[in-house]
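**Q** Just need the structure, nothing else, for what follows:
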Amino acid sequence: MEVTQRCFMVMFMVLLLSAGHLQQIEAQRRCNAVEVSWCLESIVTNIPPSRECCRRLKGQEACLCRETRDSTFGGYLRLPGAKRVAAACSVNFPECN
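**A** Numbering: from 1, shown residues only. As a prediction, this is how the structure comes out:
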């Protein structure tokens, strides 16, 4: 009985670890710096972000650090306006290294 429980626990742990890895891969696949372009006007001006900007920015929330290094839109995400727009959209803008 004890061996069966140990085997079950090991299999359960493997499944949990696999699920976490798959979620990370899925999140990376959804990263698309072009989605940030919907917010550029609000980032560089004081115009409030649109609902579409907020929706798309929210979809990229897990990718923002990676996208700050993007050669096309990363410069915009490093501007102070990006954090202002993120706050207005209730998006957590992480501190990136």
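**Q** Distance check, the most centrally placed residue in the chain against T45.
**A** What sits nearest the mean C-alpha location of the chain, by C-alpha atoms, centre = their mean, is A62, with 1.4 Å. Separation of A62 from T45 (C-beta to C-beta, to the nearest Å): 26 Å. For the C-beta atoms, the positions are set from N, CA and C on the backbone; glycine is no exception.
**Q** next structured bit after the lowest-mean-pLDDT helix or strand in the chain?
**A** Taking mean pLDDT, DSSP states H and E as the measure, the chain has helix 2-30 as its least confident helix or strand, at a mean of 52. Downstream of helix 2-30, the first helix or strand assigned by DSSP states H and E is helix 40-44.
**Q** Can you mark which positions in that following helix are buried?
**A** 40, 42-43 (16 or more other C-beta atoms under 10 Å).
**Q** tell me which of the residues you listed is nearest to C89?
**A** Nearest to C89 among these is S42, at 9.0 Å by C-beta to C-beta.
**Q** List the contacts of that closest one.
**A** S42 is in contact with 48-50, 53, 81, 85, 88, counting by C-beta atoms under 8 Å, 6 or more residues apart in numbering.
**Q** redo that, cut-off 6 Å
**A** Counting by C-beta atoms under 6 Å, 6 or more residues apart in numbering, S42 touches 49, 53, 85.
**Q** helix, strand or coil for the first one?
**A** Taken by DSSP: H, G, I helix; E, B strand; the rest coil, the conformation at P49 corresponds to coil.
**Q** what number of residues lie near it?
**A** 23 (other C-beta atoms under 10 Å).
**Q** Make sure V91 is actually in contact with Q60.
**A** No. Using C-beta atoms under 6 Å, V91 makes no contact with Q60, being 8.3 Å away.
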